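J.: here is my input; please provide its structure:
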Amino acid sequence: MLTGRLAAASAVCALLFVGLGLQVTRRPARLDALAARRGTNFPLAVAFTQSGYGLALTLLGAGSIAAALALRAPAVIPLAILVAQIGSQAAVHLAKAIFARPRPAAWVYRHEPGFAYPSGHATTAVVFYGAWLVVLWNAALPLPVRAGGAALLAAWALGVGWSRVALGAHAPTDVIGGFLFGLAWLCAMLAIAVSRGAGLVTRHA
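T.: Below you'll find the model as predicted:
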C-alpha cells in the first residue's frame, strides 16, 4: 500500500537524520571541510537563499491560493502545503535546540540566530518546493510539462541547499540533515494525505 511505503520512507529518513545528527555533533565530519572553502556572495546563491525565507514563501503561497480561487480550483492543496511548511519549521526549531550544533564561524550574508543542525532552508527546499513537485508531477498535464516542471523544482530545491554552504551559513552535513528531515516530514504528510483519499500521488498517463 502506498501509505505504508510513504510511512516507511518517512521513518527511514527520520532515523538517518537522527543518526547523522548524533554523529556530527560529536565530531566534525570530513565532508564539512568543504565549508572552509565557502564564502563568495554569489548573486545566484543569494537568490536561492532568499527563496527559502518566510517572505518569499508567504508570497508564493498566497499567490498559489489566489490562483486557485481565480481558477475556481480547490485551495486546499496550497493551504495544506503552507501548513506543512509552517509545521516543519517549528519542528526544525526544536531539533536545532536538541542537537545544539554551532553555526560556522564566517558568514557572508544575513546572519541568523540559532543553531545549525538541521538547515531550515534545506528542510524548506524539500517540504515546500518538493510538495509542489509532487503536485505538478501528478497534475493532469502533458508529460513533457510535468517532467520539465518537476526537474526545475528539483534543481531549485538543490540550489537552496547549495546556497547555504556557498554563503557560509551551514556546513554540508547541516544541509544533508535538513534534506533528510524534510523528506521525513514530506513523506509523512503525503502518507496522511493519501490515507484520507486526497489523491495527490496518483500518476496521470
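
J.: could you identify the helix or strand that succeeds whatever helix or strand Gly61 lives in?
T.: According to DSSP states H and E, Gly61 maps onto helix 54-70. If you walk from helix 54-70 toward the C-terminus, the next helix or strand you reach (DSSP H and E) is helix 76-99.

J.: avg pLDDT for the helix holding Gly61?
T.: Taken as a whole, helix 54-70 carries a mean pLDDT of 90.

J.: now stretch 182-189
T.: Averaged across stretch 182-189, pLDDT comes to 97.

J.: and Ala70, how many neighbours?
T.: 8 (other C-beta atoms under 10 Å). In short, each C-beta sits where N, CA and C put it, glycine included.

J.: separation between it and Leu57?
T.: According to C-beta to C-beta, to the nearest Å, Ala70 stands 20 Å off from Leu57.

J.: please apply the same query to Met189.
T.: Distance of Met189 to Leu57, given as C-beta to C-beta: 16 Å.

J.: likewise for Arg164?
T.: From Arg164 over to Leu57 the distance is 16 Å, taken as C-beta to C-beta.

J.: those two: which is more packed in?
T.: Set Arg164 next to Leu57 and count neighbours by other C-beta under 10 Å: Arg164 wins out with 29 against 19.

J.: need the contact list for the nearest residue to the more buried one once chain neighbours are set aside.
T.: In this structure, Arg164 finds its nearest non-sequential neighbour in His170, 4.2 Å apart by C-beta to C-beta, 6 or more residues apart in numbering. When contacts are counted by C-beta atoms under 8 Å, 6 or more residues apart in numbering, His170 touches Ala35, Arg103, Pro104, Ala116, Ser119, His121, Ala122, Arg164, Gly178.

J.: no further questions, thank you.
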